[in-house]
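Enquirer: I'll drop the sequence and a predicted model, then ask my questions.
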Amino acid sequence: MASEPPLQIGGRSFRSRLMTGTGKYPSLEVMQASLAASSCEIVTVAVRRVQSQAAGHGGLMEAIDWSRIWMLPNTAGCATAEEAIRVARLGRELAKLAGQEDNTFVKLEVIPDSRHLLPDPIGTLQAAEQLVKEGFTVLPYINADPLLARHLEEAGCATVMPLGSPIGSGQGIRNAANIALIIENSRVPVVVDAGIGVPSEAAQAMEMGADALLINSAIALAGDPAAMARAMALACEAGRIAFRAGRLPVRAEASASSPHEGRLGAAGSGAGV
């Protein structure tokens with residue numbers, strides 16, 4: 001099989017197709033070990049939490065080697081399009097402080113629902129349109145809505161990021177049919193984000209044809225985060241290889257794996273019993 005082409009987002013190439021986060025780790029040291037074990041090249045950072053020095057985020061900027069890791073600032077905590085736009089602009093400045101002068105990436109989250117943490121489709125589209133006009137490379141977090149994904153692509157977003165299931169729920173891929181439609185029709189990378197709890201679910205998403213995954217809680221809250229990060233990286237790679245290899249057709253009936261011809265005792269085989 002031909003060598004795996006790199007993941008292309010916003011004109012940049014990435015070898016790893018696993019993105020990770022920086023929240024919920026028990027310590028910065030555990031986070032550092034997990035990032036290394038995952039071999040990730042993109043890490044998302046909650047701009048508001050870094051600015052406010054929220055618990056677990058003090059010293060975060062100094063704990064990551066930004067010469068190796070590409071920062072993906074996110075607008076977590078924003079309930080409206082207007083808030084998300086303001087925080088995205090701050091995120092661009094945060095990336096500059098990390099030495100990434102040309103970093104225009106933003107993970108766009110507009111989440112007014114504090115109970116279920118489901119993204120607002122209208123606010124997300126409004127914010128995406130404005131941020132694209134301002135030159136941002138927008139990676140929008142969305143429900144698994146194929147029509148919204150198309151509108152965001154048409155607005156100029158660099159990816160679409162449908163959720164597998166609610167953030168931090170560990171419920172796995174509950175929206176498989178819709179995610180499959182998004183993958184089938186999208187001309188930009190599809191990144192499955194949220195809900196993945198175990199490596200088998202990561203592999204499932206990649207086997208479906210997702211271009212990449214973003215996994216945070218399943219790694220950070222594992223009993224051994226670094227080990228889980230490694231397992232997720234292997235699952236992501238295995239799922240991608242399986243997708244490119246092509247699975248066997250699903251059949252309604254059994255199909256023997258051994259040929260009928262030449263069997264001992266088969267008619268015309270010339271063999272006795």
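Expert: Yes, it's here.
Enquirer: Show me which parts of the lowest-mean-pLDDT helix or strand in the chain are buried, residue by residue.
Expert: Least confident helix or strand, the chain: helix 47-51 with a mean of 75, by mean pLDDT, DSSP states H and E. Buried positions in helix 47-51, judged by neighbour count with 16 or more other CB atoms under 10 Å: 47-50. Placement of C-beta: from N, CA and C, glycine included.
Enquirer: Alpha carbons only: can I get it in PDB?
Expert: Output of helix 47-51 as PDB, limited to C-alpha atoms (Å, rounded to 0.1, in the frame of the first residue of the first chain):
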ATOM      1  CA  VAL A  47      -8.000  30.500  25.700                       C
ATOM      2  CA  ARG A  48     -10.200  31.700  28.600                       C
ATOM      3  CA  ARG A  49      -8.800  29.100  31.000                       C
ATOM      4  CA  VAL A  50      -5.200  30.000  30.200                       C
ATOM      5  CA  GLN A  51      -5.900  33.700  30.600                       C
END
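Enquirer: so how far is that helix off the chain centroid?
Expert: Distance, stretch centre to chain centre, for helix 47-51: 21 Å (CA atoms, centre = their mean, to the nearest Å).
Enquirer: what packs against that helix?
Expert: helix 81-97 (3 or more CB pairs under 8 Å, 6 or more residues apart in numbering; DSSP states H and E).
Enquirer: after the helix it packs on comes which helix or strand?
Expert: Going down the chain from helix 81-97, the next helix or strand is strand 105-108, by DSSP states H and E.
Enquirer: residues in contact with that following strand?
Expert: The contact list for strand 105-108 (CB atoms under 8 Å, 6 or more residues apart in numbering) reads 9-10, 44, 70-75, 84, 88, 91-92, 95, 124, 127-128, 131, 136-141, 158, 161, 214.
Enquirer: Stretch 119-129 now?
Expert: The contact list for stretch 119-129 (CB under 8 Å, 6+ apart) reads 75, 79-82, 84-85, 88, 108-113, 138, 140-143, 145, 148, 151-152, 155-157, 163.
Enquirer: How much space separates K133 from A88?
Expert: Distance of K133 to A88, computed by CB to CB, to the nearest Å: 12 Å.
Enquirer: just to revisit the earlier point, can you flag the buried ones in the contacts of strand 105-108?
Expert: Neighbour counting by 16+ other CB under 10 Å classes 9-10, 44, 70-75, 84, 88, 91-92, 95, 124, 127-128, 131, 136-141, 158, 161, 214 among the contacts of strand 105-108 as buried.
Enquirer: Might you report the residue contacts of Q171?
Expert: Contact analysis of Q171 by CB under 8 Å, 6+ apart lists 164-165, 195, 197.
Enquirer: And the nearest residue to A202 once chain neighbours are set aside, which helix or strand is it part of?
Expert: Of all residues not flanking A202 in the chain, A235 sits nearest, at 4.1 Å (CB to CB, 6 or more residues apart in numbering). Taking DSSP H and E as the definition, one finds A235 inside helix 225-245.
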